[in-house]
Each structure stands twice: as structure tokens, then as C-alpha cells.
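Chemist: Build me a model from this:
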Amino acid sequence: MKNNYKLKKNKFGFFQVSPTPSAEEITKFYAEEFYTGEYKNFNDSSLEVQIGDQEFFEGRWNDIYNNFLEVDDNLKNGASILDIGCGWGLALLYFKKKGFDCYGFDPAKEAVDYGCKKGLKIKHAGLEGMNVFENKKFNMVTMFNVLEHLADPIKSITQIKDILLPNGILMIDVPNEFNDFQTSGRDVHGLNDWWVAPPNHLNYFSKDSLVNLLESLGFTIEICEASFPLEMFLLFGDNYVKDGKLGSSCHKKRVNFEQNLRKQGKASTLKNFYRSLAELNLGRQITIFCKLK
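Modeler: Residues are numbered from 1 along each chain as shown. Okay, the predicted model is just below:
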């Protein structure tokens, strides 16, 4: 697959891999390789990464929680949340502490077993269908680093519409690919498009293209945020793509940047900074909160 793919830009403005793997191939990949095989260290979803960087991840999940309340200040203890592709369930464990009624599903049995042992209501299921909990509808649905992996994101989001309660909120977090910092850093260092990695990633979004997709499917955009623009380090001269240790050092600097601002009482400044980056289609990740029109 890695040597036989092409990228095509669709009408919404994001790139898709062609030919697209089948749903069975994708489910098999996540069940058998994503968390335990050669891709284990490729993603931020591994158990070791999230536990080892707990303060960083909890800061991110707290931002997500606060954004939910910003969109709908009526959300209270007991509001239901479904995390699609929940992995090990650590985000759900955090939201559970905040009082949300938490559900999730994931194709990786090892990860689901771990979450179940922690008392979460999660199921072992593939990502080809969203109605996993017998027509239950949710106040909130989250997709952390999931939409870029799906063979048919339009079909998946359409299915999500059927499991959202009236005024329900959909949150999607995806990598922000082909952004100006990324492509400039690539060219400065003479790199290839290292972020293009099928069968892991099948879709390559920007803020604008994700907004186009969601609005075309009947959603109103409430919040757009980016994350720290890690590719800026490439423009500083730090080629972390070729040096894993340098990559860890750059990540630690990013963590220090966020944590120091929060400790100085500047969380709102950090929030506004990341929202401004999103408007420029910059930042390593793009996170969008939206509601059905």
C-alpha cells in the first residue's frame, strides 16, 4: 500500500489516499498493528505515551472540557459523551472525573480490555459503523485523531448525526497537514512528505477543508482551535524528522510553553493564541467543535 498510493484533493479541499483500503483491511490494521505493531510509536494514542505525558494530556483534555461548556453551558454532571476510537480510554477516564456519563468503542481489543478493567462503558467494535450502543443518543461525540484514518469520512459523520441529541456537540481533532510551516520545513531540509503514511492516515485535512466538510453536512461551527505549531522547530533548524531524540526535546519545549503559561494564569492567552493559529491554517492539530444546524 505504501508504494502504490496516490493523493487526490476532493471537492472539500482535503486530500484522500487512492485506492482506499477496504473497511475490513482498516479494522484489521487497527486491531492488530496500530497499538502494538510497527506503528505503536507513530501515534499519540499509545498507553505508554499518554501515561508518560499525563500532565500534558490532562491539560489538553481540560481544554476540551472547557470548550464543551463554552459551547453549551447547560452541560452538567451526567451529560453523555461518546468517544469514537477511544483507544485505552484515558480521555474518557478524565471526562468521567468531570462528571460526564462516558461511552466509547475501539477496534483494538487490548485497549478496550484495559478500559473495561478501569470501569468504563466501552465496546470492542470496528469504525465502519457509529451506532454501537443500540440507538443511544449522546450530548457529545468526540473523535480524537480518528477521522484521518477512516475510509469514508462523509459516511461516518453522517452516521454520527443520527446518534447526537438535539443541540448535541461533535468534536473532531485531526492532524493539520500540508500547512505552510510543514511544507516550508520540508523544503528547507530537503525532506519528503513524511506525514503521508497510508494505511495509517487516509485523509489529510486543514482547518478550512474540515470546516467545508462539516458545514456541507449540516453542522454549524462553534470553535476552531489549533495546537502548538511543532513544524516551527524545523524552520528554527531543528530537524526532528530525522532525529527522534531531537523530536522529544522539541516536544518537551512545547509542553513547557503550555504549562508555564497555565501556571502564570495565562490559560486564556494560550486559548486565544491557538484559535488565532487555526484561522491561519497553522498548528500541528486542528480541533473543531460544531453543532447540527
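
Chemist: Identify, among the helices and strands of this structure, the element with the weakest mean pLDDT.
Modeler: Least confident helix or strand, the chain: helix 23-32 with a mean of 68, by mean pLDDT, DSSP states H and E.

Chemist: Off-centre distance for the longest helix belonging to the chain?
Modeler: In the chain, taking DSSP state H as the definition, the longest helix is helix 244-263. Offset of helix 244-263 from its chain centre (C-alpha atoms, centre = their mean, to the nearest Å): 19 Å.

Chemist: Now it: buried residues?
Modeler: Buried residues in helix 244-263, counted by 16 or more other C-beta atoms under 10 Å: 247, 250-251, 254, 258, 261-262. Backbone N, C-alpha and C define where each C-beta goes, glycine included.

Chemist: which residue ranges form the strands in this structure?
Modeler: 6-9, 15-18, 80-84, 101-106, 121-124, 138-144, 164-175, 203-204, 219-226, 285-292 (DSSP state E).

Chemist: now those strands in JSON lines, with mean neighbour count and mean pLDDT?
Modeler: Shown next, in JSON lines, are these (neighbours: other C-beta atoms under 10 Å; pLDDT from 0 to 100):
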{"stretch": "strand 6-9", "mean neighbour count": "12", "mean pLDDT": "92"}
{"stretch": "strand 15-18", "mean neighbour count": "18", "mean pLDDT": "92"}
{"stretch": "strand 80-84", "mean neighbour count": "25", "mean pLDDT": "98"}
{"stretch": "strand 101-106", "mean neighbour count": "23", "mean pLDDT": "96"}
{"stretch": "strand 121-124", "mean neighbour count": "19", "mean pLDDT": "96"}
{"stretch": "strand 138-144", "mean neighbour count": "24", "mean pLDDT": "97"}
{"stretch": "strand 164-175", "mean neighbour count": "20", "mean pLDDT": "96"}
{"stretch": "strand 203-204", "mean neighbour count": "24", "mean pLDDT": "97"}
{"stretch": "strand 219-226", "mean neighbour count": "18", "mean pLDDT": "98"}
{"stretch": "strand 285-292", "mean neighbour count": "22", "mean pLDDT": "96"}
